[in-house]
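Asks: got a sequence here, can you build the structure:
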Amino acid sequence: MIRSDVRRRVADSNTVALDSHALGTLRYIRASIDAAGLLAVPGSAGIAMGSLGVAAALLAAHPALAPHWLAIWLVGAVAAFVCGSALMAHQALRSGAALYSGPARKFLLCLSPPLLAGALLTLVLWQRAAVGLVPGVWLLLYGSAVTAASTHTARPLALMGSLFILLGVLALLMPASAANWLLGAGFGGLHLVFGVLIGRMKNELPEAIHDVERDRVRTAPRKRRGPGGAAQ
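Replies: As a prediction, this is how the structure comes out:
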């Protein structure tokens, strides 16, 4: 009788330990989702911006449109900015996050200065007939903006920003004929790749929550019923 009592107590303590561990894991995952909802750039924004970047590169590569490459990329940049901002705002509103305070405000403060500097330098280089430097400047400053903003958003964006900076260096060193394809590789290819990567990371979190909740239900102690159906 004493042995069975001890065994039952040991089993109940193990079940409680497993249940506490599952609850702790669940809280951690939920906290991660809350942080991602406030800070992470949605993967759909990267995919949309990357698609526009690829379209701009293909249009600018057409012989008849090649002389207007700067105008094509400017239109593509504005469209990508509007589309990306709209998707980010939509996600923030869905998650209940504030658009202009907290982490979102820090993200914008990190992202905006390099982008504004890029817009100003584009105007200056165009006035001085040095538009050949524009692709390198765009890639360098955009990479700097993304790298700085990655401290308040998804970690993979730090790598993406570094790759943009590398492409910017290449654009400044390589012949002008390679500039359009480097722009396409950055604003098109990198956005697409990291958009898909971030989207997959977000899809894995709900699955993890489901697994933890299922394990918690399995390990939850089951109340025994005594004579008369009373729970013990």
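Asks: touching, residue 114 and residue 137? I think so.
Replies: No - the pair residue 114 and residue 137 does not pass the contact test of Cβ atoms under 8 Å, sitting 10.3 Å apart. From N, CA and C alone the C-beta is placed, and that goes for glycine too.
Asks: so which helix or strand of the protein has the lowest pLDDT on average?
Replies: Using mean pLDDT, DSSP states H and E, helix 2-39 stands out as the lowest-scoring helix or strand of the chain, at a mean of 53.
Asks: can you name the element that comes right after it?
Replies: helix 43-61 (DSSP states H and E).
Asks: ok, and what's touching that following helix?
Replies: Helix 43-61 has contacts (Cβ atoms under 8 Å, 6 or more residues apart in numbering) with 65-66, 68-69, 72-73, 75-76, 79-80, 83-84, 87-88, 180-181, 183-184, 186-202.
Asks: name the element residue 83 belongs to?
Replies: Assigned by DSSP H and E, residue 83 belongs to helix 69-95.
Asks: check which helices and strands the helix or strand where residue 108 lies sits against.
Replies: Assessed by DSSP H and E, residue 108 sits inside helix 103-127. On a contact count with 3 or more Cβ pairs under 8 Å, 6 or more residues apart in numbering; DSSP states H and E, helix 103-127 meets helix 2-39, helix 69-95, helix 134-149.
Asks: dump the last one to CSV, keeping only the CA atoms.
Replies: Extracted in CSV, the C-alpha atoms of helix 134-149 (Å, rounded to 0.1, in the frame of the first residue of the first chain):
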residue,chain,number,x,y,z
VAL,A,134,23.4,55.9,-58.5
PRO,A,135,23.1,52.0,-58.4
GLY,A,136,26.1,51.7,-56.0
VAL,A,137,24.8,54.5,-53.8
TRP,A,138,21.3,53.0,-53.7
LEU,A,139,22.5,49.5,-52.8
LEU,A,140,25.0,50.8,-50.2
LEU,A,141,22.6,53.0,-48.4
TYR,A,142,19.6,50.6,-48.6
GLY,A,143,21.8,47.9,-47.1
SER,A,144,22.9,50.3,-44.3
ALA,A,145,19.3,51.1,-43.6
VAL,A,146,18.2,47.5,-43.5
THR,A,147,21.2,46.5,-41.3
ALA,A,148,20.4,49.3,-38.8
ALA,A,149,16.7,48.5,-38.7
